[in-house]
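Asks: Below is the structure, and that's it, no one-letter string:
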């Protein structure tokens, strides 16, 4: 190493300090340099933190840098990535030198050289891995996967307990790594939608366990979470911003079977910002009439007082209105309810061999139906809320560009109302927005960043967007962004819905974009207008040659909307187009598609 390792001209150091630092650096080994970087990160964090000295144990001993610590995340919407960043940050503060990577960019051949592997992964669709985790997931389950006797690992699984395959991907990774010979360094943790505290405990546990493993008193968080001032002031699901409702406009026509709203919210003065592709978290409240019926069904007093783990008290009515999920039946709820009622029928439904019957039972039912069908008498208010999970926020794709309207955020919301088991069912957040928030009233919101759904960095890159129904929302944001930034790349939109005259969302905007040249092409499919149902994938096939030509030009391909039927159909159609127009085998077409995904040219935001 030379004497110009550290230039005093571009640093806050004096010439004497820079000389001392350069002399020290030039004499250090790679291992020593790694430790010093981690130590300084931890020292700086401790010095700048507002936490008390009791929350920190300052690093005083070395961490063995020869032991690889790798964090891998598999994320569809970005939650797993954020938690990976959090673990990486805390380990770095503690003096370690971890590596953080997306599963999509991770080189599988590196796996056999890992010492500590921490996986954070969500479950997507019907128990599937996220798009950026598919290749690594398949590799681990293939004959190519190496023996991992020297590996220590832990898995943080994200999911939603209202779905049958709760945390399946994380569980699969956990079982597979164990089967390959790895040792569980820390037990797997399964997170429901209200995952903050559980995930925080896992992160803290990993840091403390590693510090103990290395016999180090490295900067370890003990108990309370350490936050810097910038983070503590950030609006989040636990600290939402009260946005004023500016507009609530029905954009489906008279006679439509759907009620779709264009919602505009003011974020003036919030310092909130967002990128096209991000989602907006809505923190809703429950329907007051349902809350009253719920309390009446269990024969409790609405003014009964309950307390939480922190000793804070509130009335049962307020808790059910603001804090708890009282509609969706989750498996944990049903298990606890069956035990409390001693219902043999419910217990039998929960047996593994009765999955199909349980699925049929849950379809179209809500918690109130279970209470009416299997009465629970003599329960206390505290026991009741103990059965329920916290009311999760709902995420909606942002339908506007921050650069076009910095003080506003727009949403496209399909209001959920339907009859089932002789009762009217209402979506919690959609009817909250459509029916229960007067104009100028506050809606609690936060921005949920989605780095896996982004416009190309090169503004000249062409894009293909497939967004039927409300799935078109982010593409409205994409086009607004491309217009205001004067991006010259071609834009092609595939839109579909039921009827042309009543369900062509934002029709005039698309026509204006088509007229001014921003929208190069738009192809539409309306399934109820013809004798034969036509969907967006049929329009893709009709234009397969040009679509493939766009891909060969470097176009990015985006899909947003229904994960259960539409997204798989579009994926299969795209595969067929590549196979047909590229003149390649099925296996080569699959490889082509994977290359698109790994190059971030095939991105999906499906739900």
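Replies: Received it, and whenever you're ready, just let me know what you need. From a predicted model like this one, the values you see are computed outputs, not experimental measurements. Residues are numbered from 1 along each chain as shown.
Asks: Show me the shaky parts of the stretch 101-250 of the chain.
Replies: Residues of the stretch 101-250 of the chain meeting the criterion pLDDT under 70: 215-233.
Asks: let's go with 50 and repeat that
Replies: 216-233 (pLDDT under 50).
Asks: same question, the chain
Replies: For the chain, the ranges with pLDDT under 50 are 1-10, 30-31, 34-35, 38-39, 41-62, 65, 216-233.
Asks: On the three-state scheme, the closest residue to residue 541 other than its chain neighbours is what?
Replies: Closest residue in space to residue 541, ignoring its immediate chain neighbours: residue 573 at 6.0 Å, by Cβ to Cβ, 6 or more residues apart in numbering. All C-beta spots, glycine's among them, are computed from the backbone N, C-alpha and C. Per DSSP: H, G, I helix; E, B strand; the rest coil, the local secondary structure of residue 573 is helix.
Asks: Other residues contacting stretch 503-511?
Replies: 251-253, 256, 258, 260, 412, 469-470, 472, 476, 493, 495, 497, 519, 522, 524, 526 (Cβ atoms under 8 Å, 6 or more residues apart in numbering).
Asks: Span of it from start to end?
Replies: End-to-end distance for stretch 503-511: 15 Å, by Cα to Cα, to the nearest Å.
Asks: What residues of stretch 134-146 count as buried?
Replies: By neighbour count with 16 or more other Cβ atoms under 10 Å, stretch 134-146 contains the buried residues 134-137, 139-140, 145.
Asks: how about the residues you listed in TSV, adding distance to residue 456 and secondary structure?
Replies: Output for the buried residues of stretch 134-146, formatted as TSV (distance: Cβ to Cβ, whole Å; DSSP: H, G, I helix; E, B strand; the rest coil):
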residue	distance to residue 456	secondary structure
134	22	helix
135	21	helix
136	24	helix
137	26	helix
139	27	helix
140	30	helix
145	34	coil
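Asks: I'd like those written out as CSV, with distance to residue 606 added.
Replies: Formatted as CSV, the buried residues of stretch 134-146 follow (distance: Cβ to Cβ, whole Å):
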residue, distance to residue 606
134, 14
135, 18
136, 20
137, 17
139, 23
140, 23
145, 28
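Asks: List just the nearest of the residues you listed to residue 531.
Replies: Comparing the buried residues of stretch 134-146 against residue 531 with Cβ to Cβ picks out residue 134 as the nearest, at 37.8 Å.
Asks: list the contacts for the closest one?
Replies: Contacts of residue 134 by Cβ under 8 Å, 6+ apart are 128, 594, 597.
Asks: Grab the nearest non-local neighbour of the second one.
Replies: Translated: residue 594. Closest to residue 594 by Cβ to Cβ, 6+ apart is residue 135, at 6.2 Å.
Asks: And for residue 170?
Replies: Residue 170 sits nearest to residue 157 (Cβ to Cβ, 6+ apart), 2.2 Å away.
Asks: ditto for residue 292
Replies: residue 302 (7.2 Å).
Asks: Kindly report the same for residue 447.
Replies: Using Cβ to Cβ, 6+ apart, the nearest residue to residue 447 is residue 274, at 4.8 Å.
Asks: residues in contact with the one you found?
Replies: 280, 398, 402, 409, 447, 449.
Asks: PyMOL command for the buried members of these?
Replies: Buried residues within the contacts of residue 274, by 16+ other Cβ under 10 Å, are selected in PyMOL with:
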select buried, resi 280+398+402+409+447+449
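Asks: from the contacts of residue 274, which is closest to residue 373?
Replies: Using Cβ to Cβ, the contacts of residue 274 come closest to residue 373 at residue 280, 36.1 Å.
Asks: Can you list the helices and strands that the helix or strand the closest one falls within packs against?
Replies: Using DSSP states H and E, the element containing residue 280 is strand 279-282. Packing partners of strand 279-282 (3 or more Cβ pairs under 8 Å, 6 or more residues apart in numbering; DSSP states H and E): strand 394-397, helix 428-435, strand 442-448.
Asks: nearest to residue 317, of the ones you listed?
Replies: Per Cβ to Cβ, nearest to residue 317 of the helices and strands packed on strand 279-282: helix 428-435, 16.6 Å.
Asks: Now do the closest one: everything it contacts.
Replies: 245, 248, 259, 261, 263, 282, 284-287, 327, 391, 393-394, 411, 413-417, 443.
Asks: follow-up on the earlier one: I'd like the contacts of residue 134 as JSON lines, with neighbour count appended.
Replies: Formatted as JSON lines, the contacts of residue 134 follow (neighbours: other Cβ atoms under 10 Å):
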{"residue": "128", "neighbour count": "17"}
{"residue": "594", "neighbour count": "16"}
{"residue": "597", "neighbour count": "17"}
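Asks: Just send the residues you listed back as a markdown table, with secondary structure and distance to residue 208 too.
Replies: Shown next, in a markdown table, are the contacts of residue 134 (DSSP: H, G, I helix; E, B strand; the rest coil; distance: Cβ to Cβ, whole Å):
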| residue | secondary structure | distance to residue 208 |
| --- | --- | --- |
| 128 | strand | 33 |
| 594 | helix | 38 |
| 597 | helix | 36 |
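Asks: isn't residue 254 right up against residue 499?
Replies: No: the criterion here is Cβ atoms under 8 Å, and residue 254 misses it with residue 499 at 11.4 Å.
Asks: And for residue 132, the neighbour number?
Replies: Using other Cβ atoms under 10 Å, residue 132 has 24 other residues around it.
Asks: could you list every residue that touches it?
Replies: Contacts of residue 132 by Cβ under 8 Å, 6+ apart are 74-76, 102-104, 452, 597.
Asks: would you say it is within a helix?
Replies: Yes: assessed by three-state DSSP, residue 132 belongs to a helix.
Asks: helix/strand/coil for the closest residue to it other than its chain neighbours?
Replies: Closest residue to residue 132 apart from its sequence neighbours, by Cβ to Cβ, 6+ apart: residue 104 at 3.4 Å. Counting by three-state DSSP, the backbone at residue 104 sits in coil.
Asks: mind checking how far residue 104 is from residue 81?
Replies: 11 Å (Cβ to Cβ, to the nearest Å).
Asks: Show me how far stretch 400-410 is from its chain's centre.
Replies: 22 Å (Cα atoms, centre = their mean, to the nearest Å).
Asks: From start to finish, how long is it in a straight line?
Replies: Termini of stretch 400-410 sit 5 Å apart (Cα to Cα).
Asks: Tell me who's in contact with the residue nearest the centre of the chain.
Replies: Residue closest to the average C-alpha location in the chain (Cα atoms, centre = their mean): residue 77, at 3.2 Å. Residue 77 sits next to 122, 279, 395, 448, 450, 452, 605 when contact means Cβ under 8 Å, 6+ apart.
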